[in-house]
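Output the structure for:
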Amino acid sequence: MMQLEIMAAIANEFAKGAASTIVVNKSADSSMNKGRGANTNPFMGRVIIAKSYSGYVMGTDYLTSIENAAERMGNDDAEANLKKVWHKPTERFGEWFSTDKKTESKVYLKLQRNAKQIGCKTTTTYYLDGHLASDEEVAQIEMWLKKKNHTISSTQADMGIDAEHEQTFLLMQLDTIVSIKQGEKVLSPIEMLAVAVAAQ
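I've put the predicted structure just below:
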């Protein structure tokens, strides 16, 4: 029930499509290689990654966005044919949130940005054993991070969207969100819950 109240607060307190900053804290374990034997990763269970997604928008529809982007690129008949995905819009506030198809036990806030959008950036900070990691510690942690090669989405490429106009779509697990800022408004999940309860 608390999840739904926080979802309602986000959908009601923030404007769709407006530039926002979303701060997320999560364990680094899923982002790192475990290693094994003598080469076991010494940082497992010890690192928190704090990410700030600045300039992203919430409450938008990915399909509509990429079809509009394709039209701006001159492909007026573009229709998105998405590959199979593991998530789906939530029953309530589906423009804002997705849930996993299999169990529907987790809720994710949808974030989106245009590659050309000015002011969009992601900053990453690492915390090791509860303290801000030093530059030397960050270098050691990053040696264990899984490497990701970015390629433009095949769906968008098929629609004639180039890398410069690519639409980026991210899902942030609701219980990892530390705060959301939009204009002068800044709310944490606890504050969002208080807002939702007060509105009842």
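
Could you confirm residue 10 falls within a helix?
Yes. Looking at residue 10 with DSSP: H, G, I helix; E, B strand; the rest coil, it is inside a helix.

My guess is it contacts residue 96. True?
Yes. Using Cβ atoms under 8 Å, residue 10 makes contact with residue 96 at a distance of 6.3 Å. (C-beta placed from N, C-alpha, C; glycine too.)

where do the contact lists of those two overlap?
Common neighbours of residue 10 and residue 96, counting by Cβ atoms under 8 Å, 6 or more residues apart in numbering, are 58, 109.

Tell me where this structure has helices.
2-13, 62-72, 135-142, 154-158, 189-198 (DSSP state H).

Need the contact partners of the third one.
Contacting residues not belonging to helix 135-142 are listed as 28, 32, 43, 47, 126, 128, 133 [Cβ under 8 Å, 6+ apart].

Take the helices of the chain and lay them out in TSV including distance to residue 22.
Formatted as TSV, the helices of the chain follow (distance: least, Cβ to Cβ, whole Å):
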stretch	distance to residue 22
helix 2-13	10
helix 62-72	16
helix 135-142	22
helix 154-158	22
helix 189-198	11
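
Residue 165 is nearest to which of those?
Minimum separation from residue 165 across the helices of the chain (Cβ to Cβ) falls at helix 62-72, 5.4 Å.

Pull the number of nearby residues for residue 166.
19 (other Cβ atoms under 10 Å).

Find me the pLDDT at residue 127, would you?
Per-residue pLDDT puts residue 127 at 97.

Test of understanding: give the bridge partners of the closest residue to it other than its chain neighbours.
Using Cβ to Cβ, 6 or more residues apart in numbering and skipping residues adjacent in sequence, the residue nearest residue 127 is residue 48, 4.3 Å away. Residue 48 has these beta-bridge partners by DSSP bridges: residue 27, residue 127.

and the gap between residue 48 and residue 125?
9 Å (Cβ to Cβ, to the nearest Å).

Mind checking which of these two has more residues around it?
Counted by other Cβ under 10 Å, residue 48 and residue 125 do not tie: residue 48 has more neighbours, with 17 against 14.
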